[in-house]
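> fold the following and give me the result.
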Amino acid sequence: MPVEFPPVHVPRPYALPATALAARVEVPTEDGAAIVAWTYAPEGSTDAPGTPFGIDLATPPVLMLHGNGEEHGIFGPVIDAVCASGRAVIALDSRAQGQSTRGAARPLTYELMAADAIEACARLGVPEAHVLGFSDGGILGLLLARDWGEHVLSLTALGANLTPAGLPKEDTDWMAYAAAENRRWAAEGEEGATLEDGTPVPSPSEAAQIAELLQLMVENPQIDAASLASVSCPVTVMVGEFDEILPEETERIVAAIPGARKVVEPGVDHNLPKMAPASVARELLATIERNDVRHRRRAIELPAGLAVCRIPVSGRWAEKLDGLYRRVDAEPGTSGWVQDVWPPVGMAAELLAAGSYWGAFDAADVRDGRPADDAALLGAVAVDHDADMGDGSAPGHGSGLGGPSWEPLAEKDVAAWHLLAVDPAARGRHVADALLVAGVRGAREIGARTVRLNTSVANVPANVLYAGRGFTRHRPLWLPYPGLPLPGWTNLWELAL
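Next up is the predicted model:
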């Protein structure tokens, strides 16, 4: 009796990236998977302090997410075009695909893969990115733009769907059949089988993985179109003229997202990155241009109308500091700070008692280097020699990946900044720049020649500030803060005085 093989998929050929690889990074996950992130960078970028993994945060990178059963290389010419434009690329192999492993999570979902993408950005120290997603990756892009919106600068979604009903029934029926046949082969098949023409048949273990990925498309995604109304970044939804995605499904996505553009590429089917990479690159770069955020570097200078000085140890200043942090903790945003968790109870009072605090004030409220007793505290930062950022051995799934890459220096030569915060009511007045001036003055007063600090990779404003003010970024460190809704990775920043 002849052996019944499962359907064997032979991928359409595609061009791999010609741009040199900057870094291959394995991203550990809590359930034991390793998600492989590949970074590509413009010519001249190096994997070194300042541009770890070839990524310069002054120009946010593009995060690329491939389709079901594929790997990141399908974006080859698109990667080349983005890097030629002066921007780095993070291209993921999604969980259980390419070189990424599956992990122990049950079940495999698009939401889990979107969380993997966020974890990969955290591991690389990237707080914001433009997103390009194809097919399954387009679904992930929709989830990221909706649920991680403060970090997504634009989205270009190719061939995405909201539910399995967005595909023709014959397609989902075939996927269900192929999934069942691969499950059968996983249970009954043999290693090393080939078709008559020599095409390899998946091994039983490979068939089990294929079956799970196919079943994912049969049952998912399940995205409520109304939930996409919260997406606020520029979005382009692109499909092929002969795409498997039903036209009405594409219309639903476009109608659901405020300001979304629809692009139909003539003469091609669903495989846009392989069949029309130049068109994909064109539309991606045009979408990026609609929100082309670049953090131009400039000197640290005191803004007009503001003054900085030490905060007096006595008086009502401990109460004012406490009020400042309460307002910051209560403000929605990306800081992730939580009242009575961060800053920890008593930490600000201890730093104040030690004379470590500097504040930003209205210039009219400061006389002879001292703020008036009734002056409003617009922001604060503490400066001391306590620059221990950890050595990467903190417990958790990211432990053991090494400590800071900066040069070892004597404690007296290093100043650390702590609890830098701007009162939400003072936003728009460049108080953060004033606090940088204060921090530099404080560091020089204690005899330091270098400033070092760390900030959560989820904190967009903080990372943007340091990226645009001449700080050197070192490789992120695993340094979780218990009780805070933040990734365990932290960016390390250094400024030579």
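> just give me the neighbour total for Y14.
Look at Y14: counted by other CB atoms under 10 Å, it has 16 neighbours. Placement of C-beta: from N, CA and C, glycine included.
> correct me if wrong: it contacts L272.
No - with contact defined as CB atoms under 8 Å, Y14 does not count as touching L272 (11.2 Å).
> give me the mean pLDDT for stretch 488-497.
Mean pLDDT, stretch 488-497: 97.
> mind saving the C-alpha coords of the longest helix belonging to the chain as CSV?
If you go by DSSP state H, the chain has its longest helix at helix 169-188. C-alpha atoms of helix 169-188 as CSV (Å, rounded to 0.1, in the frame of the first residue of the first chain):
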residue,chain,number,x,y,z
LYS,A,169,-14.0,29.2,2.6
GLU,A,170,-12.2,26.9,0.2
ASP,A,171,-8.9,28.3,1.6
THR,A,172,-9.7,27.7,5.3
ASP,A,173,-11.2,24.3,4.4
TRP,A,174,-7.9,23.4,2.6
MET,A,175,-5.9,24.6,5.6
ALA,A,176,-8.0,22.5,8.0
TYR,A,177,-7.4,19.5,5.7
ALA,A,178,-3.7,20.1,5.5
ALA,A,179,-3.5,20.6,9.3
ALA,A,180,-5.2,17.3,9.9
GLU,A,181,-3.0,15.5,7.4
ASN,A,182,0.2,16.9,9.0
ARG,A,183,-1.1,15.8,12.4
ARG,A,184,-1.6,12.3,11.0
TRP,A,185,2.0,12.3,9.6
ALA,A,186,3.3,13.6,12.9
ALA,A,187,1.8,10.5,14.5
GLU,A,188,2.5,7.9,11.8
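> check which element follows it along the chain.
Using DSSP states H and E, the helix or strand that follows helix 169-188 in sequence is helix 204-219.
> what residues go with each domain of this protein?
Domain assignment for the chain by automatic domain parsing gives 21-168+206-289, 306-496.
> single out the most deeply packed of these.
domain 21-168+206-289 (a mean of 21; mean count of other CB atoms under 10 Å).
> between the two ends of that one, how far is it?
This stretch, domain 21-168+206-289, spans 25 Å end to end (CA to CA, to the nearest Å).
> go on, stretch 302-317?
22 Å.
> contacts only, for the closest residue to A375 other than its chain neighbours.
Computed as CB to CB, 6 or more residues apart in numbering, the closest residue to A375 that is not its neighbour in sequence is D365, at 3.6 Å. By CB atoms under 8 Å, 6 or more residues apart in numbering, the residues touching D365 are A307, P371, A372, D374, A375, A376.
> between which two of those is the distance greatest?
The largest separation in the contacts of D365, counting by CB to CB, is between A307 and D374 at 15.0 Å.
> ok, the spatially most central residue of the chain to D384 distance?
In the chain, the centroid-proximal residue (CA atoms, centre = their mean) is C121; its distance is 3.3 Å. Taking CB to CB, to the nearest Å as the measure, C121 falls 31 Å from D384.
> rewinding a little: columns distance to A186 on top of the domains of the chain, output as CSV?
Formatted as CSV, these follow (distance: least, CB to CB, whole Å):
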stretch, distance to A186
domain 21-168+206-289, 4
domain 306-496, 28
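> quick one on the thing from earlier: skipping its backbone neighbours, what lies nearest the residue nearest to the centre of the chain in space?
Leaving aside its sequence neighbours, C121 sits nearest to A129 (CB to CB, 6+ apart; 6.3 Å).
> repeat that for A353.
Leaving out its chain neighbours, the residue that sits closest to A353 by CB to CB, 6+ apart is V313, at 6.2 Å.
> the one you found should be in a strand, yeah?
No - according to DSSP: H, G, I helix; E, B strand; the rest coil, V313 belongs to no strand; its state is coil.
> please shift the residue numbers so they start at 315 in all later answers.
Will do, 315 is the new start, and the previous item becomes V627.
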